[in-house]
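Asker: With the input below, show me the fold.
(2 chains)
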2 protein chains.
Amino acid sequence: MPSMNPALVVLSGGQDSTTCLYWALNRFGAGQVEAITFDYGQRHRIELDCAARIAARAGVPHVVLPIDTFAALGGSALTDPGIAVQAGVDAQTQLPATFVPGRNLIFLTFAAAFAYPRGIHDLVTGVAQTDYSGYPDCRQTTLQVLEQAIRLGMEYEITIHTPLMFKSKAETVWMARDLGVLPALADSHTCYNGLQPPCGVCPACQLRAKGFAEAGIPDPLLERFREPAP
Amino acid sequence: MPSMNPALVVLSGGQDSTTCLYWALNRFGAGQVEAITFDYGQRHRIELDCAARIAARAGVPHVVLPIDTFAALGGSALTDPGIAVQAGVDAQTQLPATFVPGRNLIFLTFAAAFAYPRGIHDLVTGVAQTDYSGYPDCRQTTLQVLEQAIRLGMEYEITIHTPLMFKSKAETVWMARDLGVLPALADSHTCYNGLQPPCGVCPACQLRAKGFAEAGIPDPLLERFREPAP
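Answerer: Model (predicted):
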């Protein structure tokens, strides 16, 4: 019997949120988990396809919420085709060129607004402070204060779970292995350049490869493309 | 010469945010203020027209940012034409039927995301804890914690100014008079039913009327419609 109060996983279609989806299934139980993905004008629609495929494979209800505001705000390489994705930080702001100011604040607040009328009290997000790519909205302190702001602002008990917060990329890969997520990771998307097979040279691909290498486990996504044609 | 770091007023087109716009002009100076309005699928487009007219009258640059997410979330009388606007609270949630969960959290976070690349550090919002209509995201504690979440999440110094926080509606009217806002308030919109002249019976109209009555000042908006035809 489905619970009235499932947990809600913010699912980007990437490696980390996919791992968190299975963490949530393990923690809260099958039938107790839903997934939400934000269509915020990301450059690569493939992320949305991956998220849908991953949710379907996990047997989890999946909703896609639109956010047109980031594209209107402009100025980030992740939504603005006019800005090239580069490694390193912006000289002026000292933040990565892929930084969307406040993106996780917005995602989690909208996730809470979605959760509120449905009686959902548990949000799960794959952000990590280790290897956090320079995004200040991925830090534990930020999310703890945001959780408090949401609780006060909605008068509603919300808990933001961050199972990967202090894990290295290698530890996240081991966690994925232990949770049986590896097959699903073949569907996950990481490449900033939106390529399948992944480009292998963008910062996201390199960080992912480093994690699997350090974990001593082959990346199921790369294995998928290495399979010989029949 | 325009400053590089003006203040940004969240302008809904209502009485309170209009008063705050003039508060900001008084506090930060002419040429030091910009206004932002969110087009979030509010039932009454007249609010957007009012905001534009008010900004133009004040000589303030004005931007309208779209947010399509609330309409997709559904479930609020302010965005969902299927839900009637009623006085009083929802029996289940004990919150007003017009409550959009987290609306001010989202507005202020997006305002900060707009401010960030422009070097704007001061946000101004017309929320008030007195007469706050039951919205928990209008309370000072909520906004203080949100301010901290934004500062941490963007690594950026943002100050949220709430000049009306502890003012009664009457005190807000006196403040408007002292700042010379009364003529501009003839353009402001309050009525939940989107009517001009205002319906006079919805909770928003009644709260506005109570404030002007207690202040002993006629409402310029009503005066406008009382003028005899030439």
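
Asker: What pairs with the longest strand seen in chain A, parallel or antiparallel?
Answerer: Counting by DSSP state E, the longest strand found in chain A is strand A:33-39. Strand A:33-39 pairs in its sheet with strand A:7-10 (parallel), strand A:62-66 (parallel), by DSSP bridges.

Asker: Show me which positions of the helix or strand that comes right after the shortest one end up buried.
Answerer: Where DSSP states H and E defines the elements, the next helix or strand beyond strand A:7-10 is helix A:15-28. By neighbour count, and taking 16 or more other CB atoms under 10 Å in any protein chain shown as the criterion, the buried residues in helix A:15-28 are A:15-25, A:27-28. (Each C-beta comes from the backbone N, C-alpha and C, glycine too.)

Asker: Just to be sure, A:Ile160 is in a helix?
Answerer: No - A:Ile160: not assigned to a helix; according to DSSP: H, G, I helix; E, B strand; the rest coil it is strand.

Asker: residues near it, how many?
Answerer: Close neighbours of A:Ile160, defined as other CB atoms under 10 Å in any protein chain shown, add up to 22.

Asker: next one: A:Phe110
Answerer: 26.

Asker: Would you agree it is in contact with B:Arg103?
Answerer: No - between A:Phe110 and B:Arg103 there is no contact under CB atoms under 8 Å: 10.9 Å.

Asker: Which residues of chain A lie near chain B?
Answerer: By the rule CB under 8 Å from any CB of the partner chain, the part of chain A lying against chain B is A:65-70, A:72-73, A:75, A:93, A:95, A:100-102, A:104-106, A:109-110, A:112-114, A:116-117, A:136-137, A:139, A:141-142, A:145-146, A:148-150, A:152-156.

Asker: Now distance to B:Asp49 too, for the buried residues of helix A:15-28, in CSV please.
Answerer: Shown next, in CSV, are the buried residues of helix A:15-28 (distance: CB to CB, whole Å):
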residue, distance to B:Asp49
A:Gln15, 47
A:Asp16, 44
A:Ser17, 41
A:Thr18, 45
A:Thr19, 48
A:Cys20, 44
A:Leu21, 44
A:Tyr22, 49
A:Trp23, 48
A:Ala24, 45
A:Leu25, 48
A:Arg27, 49
A:Phe28, 47
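
Asker: The strands paired with strand A:33-39: which one's closest to B:Leu182?
Answerer: strand A:62-66 (39.8 Å; CB to CB).

Asker: Can you name every helix or strand that the helix-or-strand element of chain A with minimal mean pLDDT contacts?
Answerer: The weakest-scoring helix or strand in chain A, judged by mean pLDDT, DSSP states H and E, is helix A:69-73 (a mean of 86). Helices and strands touching helix A:69-73, by 3 or more CB pairs under 8 Å, 6 or more residues apart in numbering or on different chains; DSSP states H and E, are helix A:103-115, strand B:62-66, helix B:103-115.

Asker: Rebuild the ones you listed as CSV, extending it with mean pLDDT and distance to A:Leu222.
Answerer: Formatted as CSV, the helices and strands packed on helix A:69-73 follow (pLDDT from 0 to 100; distance: least, CB to CB, whole Å):
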stretch, mean pLDDT, distance to A:Leu222
helix A:103-115, 95, 27
strand B:62-66, 94, 39
helix B:103-115, 96, 35
